[in-house]
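Trainee: This is the structure alone, sequence omitted:
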Ligand code: CA
């Protein structure tokens, strides 16, 4: 999942981005409202974590601009304790949820799962194909009921493929989901993770379509 973090406090921003990356998110970080506007106008994210008190342009203005364009990317507003007016203004401007600082990472992760699930229009949180199941909430993966341990990146890759079983996802799309700006990225990283996933899950449900990308599900005719 690719996230944009908009936060001017260097300590909160740095800590949060690192924590999110350790969880397997591709987390990008901008520090003022104008930079947020520019990035949101040109790139796609699965969710935005938006501080309201920002230099150059307030979080509320950033949010209003985003929604005025018809962009429905889920936004979680980060507000200071007791700032009730901030919460109300954020929700009125089109935020999906808010969190009061300081917050626990676990709570942020739960809210992120909830807003992105709603955004994706999925009624049930469990992702399944054949006898392979992935639970985004507990981060458990099972095959025929047998638990399978995955690294954070392997999990993120599998989640991306299972969100749309049978749909081909390009290597570039997967790289976007797994890596933020400036993160070291080996050119064959996705192939390596796919190889590891096949070793752990079995090769029959994860397929490569040469030159196009990858998909999860029963093998389609003509796919390699
Ligand atoms: Ca701030």
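Mentor: Thanks, I have it. Quantities reported herein were computed from a predicted structural model and do not represent experimental measurements. Residues are numbered from 1 along each chain as shown.
Trainee: so where's the longest helix in this protein?
Mentor: helix 105-120 (DSSP state H).
Trainee: Note down every partner strand of the next helix or strand after it and its orientation.
Mentor: Next along the chain after helix 105-120, taking DSSP states H and E as the criterion, comes strand 127-129. Its sheet considered, strand 127-129 pairs with strand 132-135 (antiparallel) by DSSP bridges.
Trainee: what comes up buried for the partner strand?
Mentor: Across strand 132-135, burial judged by 16 or more other CB atoms under 10 Å covers 132, 133, 134. For the C-beta atoms, the positions are set from N, CA and C on the backbone; glycine is no exception.
Trainee: In this model residue 162 seems to touch the last one, though I could be wrong.
Mentor: It stands for residue 134. Yes: checked against CB atoms under 8 Å, the pair residue 134 and residue 162 is within contact range at 5.4 Å.
Trainee: Now the common contact residues for the two.
Mentor: 127, 128 (CB atoms under 8 Å, 6 or more residues apart in numbering).
Trainee: picking that back up, which helices and strands sit right next to the longest helix of the chain?
Mentor: strand 47-51, strand 75-80, strand 97-101 (3 or more CB pairs under 8 Å, 6 or more residues apart in numbering; DSSP states H and E).
Trainee: Downstream of the second one, the next helix or strand is which one?
Mentor: Per DSSP H and E, strand 75-80 leads on to helix 84-92 as the next helix or strand towards the C-terminus.
Trainee: can you list the residues of the chain near the ion?
Mentor: 8, 51, 53 (CB under 5 Å from the ion).
Trainee: Which one (most neighbours) among the residues you listed?
Mentor: In terms of neighbours by other CB atoms under 10 Å, those top out with residue 51 at 24 neighbours.
Trainee: Need phi/psi at the closest residue to residue 144 other than its chain neighbours.
Mentor: Nearest residue to residue 144, sequence neighbours excluded (CB to CB, 6 or more residues apart in numbering): residue 131, at 4.5 Å. The phi/psi pair for residue 131 (degrees, to the nearest 10) reads phi -100, psi 20.
Trainee: who touches residue 131 in this structure?
Mentor: Counting by CB under 8 Å, 6+ apart, residue 131 has contacts 143, 144, 145.
Trainee: mind redoing it with 10 Å?
Mentor: When the contact criterion is CB atoms under 10 Å, 6 or more residues apart in numbering, the partners of residue 131 are 142, 143, 144, 145, 146, 202, 205.
Trainee: still on that earlier bit, mean confidence for the longest helix of the chain?
Mentor: For helix 105-120, mean pLDDT rounds to 84.
Trainee: got the angle between it and strand 97-101?
Mentor: Here helix 105-120 runs at an angle of 170 degrees relative to strand 97-101 (axes from the mean of the first three to the mean of the last three CA atoms, to 10 degrees).
Trainee: Could you pull out the buried residues of the helix or strand of the chain with the lowest mean pLDDT?
Mentor: Here the helix or strand of the chain ranked lowest by mean pLDDT, DSSP states H and E is helix 84-92, holding a mean of 82. Within helix 84-92, the residues that count as buried by 16+ other CB under 10 Å are 86, 87, 89, 90.
Trainee: Now do the contacts for the first one.
Mentor: Shown here is residue 86, whose contacts under the criterion CB under 10 Å, 6+ apart are 52, 53, 59, 60, 77, 78, 79, 80, 98, 100.
Trainee: helix, strand or coil for residue 141?
Mentor: strand (DSSP: H, G, I helix; E, B strand; the rest coil).
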